[in-house]
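Undergrad: sequence plus predicted model, see below.
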Amino acid sequence: MEETVDSEGEKLKNLSERIDQAGSKPPVDQGQGAGRNVGFDFVGAVAGGGIVGALLDHAFGTTPWCLVGMIVFGFIVGIYSAWRSMQNKG
Amino acid sequence: MASLLEEFEIHPISAPLFSLGGHPVAFTNSALFMMLAIAACTLLMVAAMRPQAVVPGRWQMLAEKIYDTVADMVDSSAGEKARPFFPFIFSIFTFILFCNLFGMLPGSLAVTSHIIVNLAIALTLFVVILITGFVRHGTHFLKLFVPSGVPVIMILPMMIIEFFSFIVRPFSLSIRLFANMLAGHILLQVFAGMVAGLLTAGWLAGLSVLPMLANIAITGFEFFVAFLQAYIYAVLASVYLRDAIEMH
């Protein structure tokens, strides 16, 4: 009788430890959510580069070179930030 | 035949109320649904907590569950020191959640499918992060852009890239929500159009059940995406806030 009570107690202790471990990562980072979120970081960087480039063009009148340059820069930064996100999670 | 983008159009409901920088500002359907979302959330949280029972009834349990979910998420993603920012993150989460859910009603406008709404929330968050970072850390805040363990010659390009990827965060945050909502609603519209098209095609009318079943599944999926995208937005907002508060 004591053995079953002890093993149930251990199972309960392990259960709370296992819940803590499972709960520390938000569920969106595992499984399907991971790739989609990283993809949006990349797209956001390119779009952000486009917006900043368009604003710089509007300020300095150098159409379209600022836009093109910032889109390319956004591409590079997007790859860098997506790579860093995957390093953190993988 | 209605165009595909007609459900995302903003219509003025009232006459122009005042003028802002030369542009007349009227009460639009977008403003209506934003106010409905805020009113619904406020009503839920205030009315559900009115009994203040130690053993909660159903509504109180729902309100407490929402509070606990967001509180746990802020604690784990933004750290313990971010507790003062909990009302802000909670407001962002519930506003986006209720806007997404109200967008699922037939004939309504999904407010979060306009990028300007998401961008406004993200830029507000960004300003809060910048002010917090500079008030808390002074110019030391700029050390955020210098990653550790980098050879000296790479520091300047890395700083530029890190700075740009910091600037780009509000854009990626808002584009994620915008694209999910826009794509979901367009998908629903396309399948519904298929049902209507097949029904008017004579002998193919029996096949119209198939896109209808697909639309039922997609509607369920869109409700899930409404919750998930609100949660992702709030989680990422907390993570970016942690960068400003704890600098790592």
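TA: Thanks, I have it. Residues are numbered from 1 along each chain as shown, chains lettered A, B, ... in the order given.
Undergrad: beyond the strand or helix carrying residue B:35, next helix or strand please.
TA: According to DSSP states H and E, residue B:35 maps onto helix B:29-48. Sequence-wise, the next helix or strand downstream of helix B:29-48 (DSSP H and E) is helix B:58-78.
Undergrad: by contact count, what packs against that next one?
TA: helix B:29-48, helix B:86-103, helix B:209-246 (3 or more C-beta pairs under 8 Å, 6 or more residues apart in numbering or on different chains; DSSP states H and E). Backbone N, C-alpha and C define where each C-beta goes, glycine included.
Undergrad: buried residues in that helix?
TA: B:60, B:63, B:66, B:70, B:73-74, B:76-78 (16 or more other C-beta atoms under 10 Å in any protein chain shown).
Undergrad: okay, and the helix or strand of chain A with the least pLDDT?
TA: helix A:2-24 (a mean of 64; mean pLDDT, DSSP states H and E).
Undergrad: do whichever strand or helix holds residue A:84 and chain B meet?
TA: Taking DSSP H and E as the criterion, residue A:84 maps to helix A:65-89. Yes: using C-beta under 8 Å from any C-beta of the partner chain, helix A:65-89 reaches chain B at A:73-74, A:76-78, A:80-81.
Undergrad: pull out the buried residues from that helix.
TA: Applying 16+ other C-beta under 10 Å to helix A:65-89 flags A:66-67, A:70-71, A:73-74, A:77-78, A:80-82, A:85 as buried.
Undergrad: burial count for residue B:158?
TA: 15 (other C-beta atoms under 10 Å in any protein chain shown).
Undergrad: correct me, but it touches residue B:151?
TA: No: in this structure residue B:158 lies outside contact range of residue B:151 using C-beta atoms under 8 Å: 9.5 Å.
Undergrad: alpha carbons of stretch B:185-195, as PDB, please.
TA: Extracted in PDB, the C-alpha atoms of stretch B:185-195 (Å, rounded to 0.1, in the frame of the first residue of the first chain):
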ATOM      1  CA  HIS B 185     -11.400  36.500 -45.300                       C
ATOM      2  CA  ILE B 186     -10.600  36.300 -49.000                       C
ATOM      3  CA  LEU B 187     -10.400  32.500 -48.700                       C
ATOM      4  CA  LEU B 188     -13.900  32.500 -47.200                       C
ATOM      5  CA  GLN B 189     -15.100  34.800 -49.900                       C
ATOM      6  CA  VAL B 190     -13.600  32.700 -52.700                       C
ATOM      7  CA  PHE B 191     -15.200  29.400 -51.500                       C
ATOM      8  CA  ALA B 192     -18.500  31.100 -51.000                       C
ATOM      9  CA  GLY B 193     -18.300  32.500 -54.500                       C
ATOM     10  CA  MET B 194     -17.600  28.900 -55.700                       C
ATOM     11  CA  VAL B 195     -20.800  27.700 -54.000                       C
END
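Undergrad: that stretch and chain A in contact?
TA: No: on the criterion C-beta under 8 Å from any C-beta, stretch B:185-195 is out of touch with chain A, staying 15.3 Å away.
Undergrad: for chain A, see how far away the most centrally placed residue in chain B is.
TA: With distances taken as C-alpha atoms, centre = their mean, the residue of chain B nearest its centroid is residue B:96 (4.0 Å). As for residue B:96, its distance to chain A is 14 Å (criterion: C-beta to the nearest C-beta, to the nearest Å).
Undergrad: wait, does stretch B:157-167 contact chain A?
TA: Yes: counting by C-beta under 8 Å from any C-beta, chain A is contacted by stretch B:157-167 at B:161, B:164-165, B:167.
Undergrad: want to throw the residues of helix A:65-89 next to chain B into JSON lines with pLDDT and distance to residue B:105?
TA: Putting the residues of helix A:65-89 next to chain B into JSON lines (pLDDT from 0 to 100; distance: C-beta to C-beta, whole Å) gives the following:
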{"residue": "A:73", "pLDDT": "91", "distance to residue B:105": "42"}
{"residue": "A:74", "pLDDT": "92", "distance to residue B:105": "36"}
{"residue": "A:76", "pLDDT": "91", "distance to residue B:105": "42"}
{"residue": "A:77", "pLDDT": "90", "distance to residue B:105": "39"}
{"residue": "A:78", "pLDDT": "91", "distance to residue B:105": "35"}
{"residue": "A:80", "pLDDT": "87", "distance to residue B:105": "41"}
{"residue": "A:81", "pLDDT": "85", "distance to residue B:105": "36"}
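Undergrad: looking at the residues you listed, which is nearest residue B:190?
TA: Nearest to residue B:190 among the residues of helix A:65-89 next to chain B, counting by C-beta to C-beta, is residue A:78 at 28.7 Å.
Undergrad: so that closest one touches residue A:44, yeah?
TA: Yes: taking C-beta under 8 Å as the definition, residue A:78 is a contact partner of residue A:44 at 7.4 Å.
Undergrad: mutual contacts of these two, please.
TA: Jointly contacting residue A:78 and residue A:44 under the rule C-beta atoms under 8 Å, 6 or more residues apart in numbering or on different chains are residue B:168.
Undergrad: run a quick neighbour tally on residue B:169.
TA: 23.
Undergrad: still on that earlier bit, ranking the helices and strands packed on helix B:58-78 by mean neighbour count, which comes first?
TA: Of all these, helix B:86-103 has the most neighbours on average by mean count of other C-beta atoms under 10 Å in any protein chain shown, namely a mean of 21.
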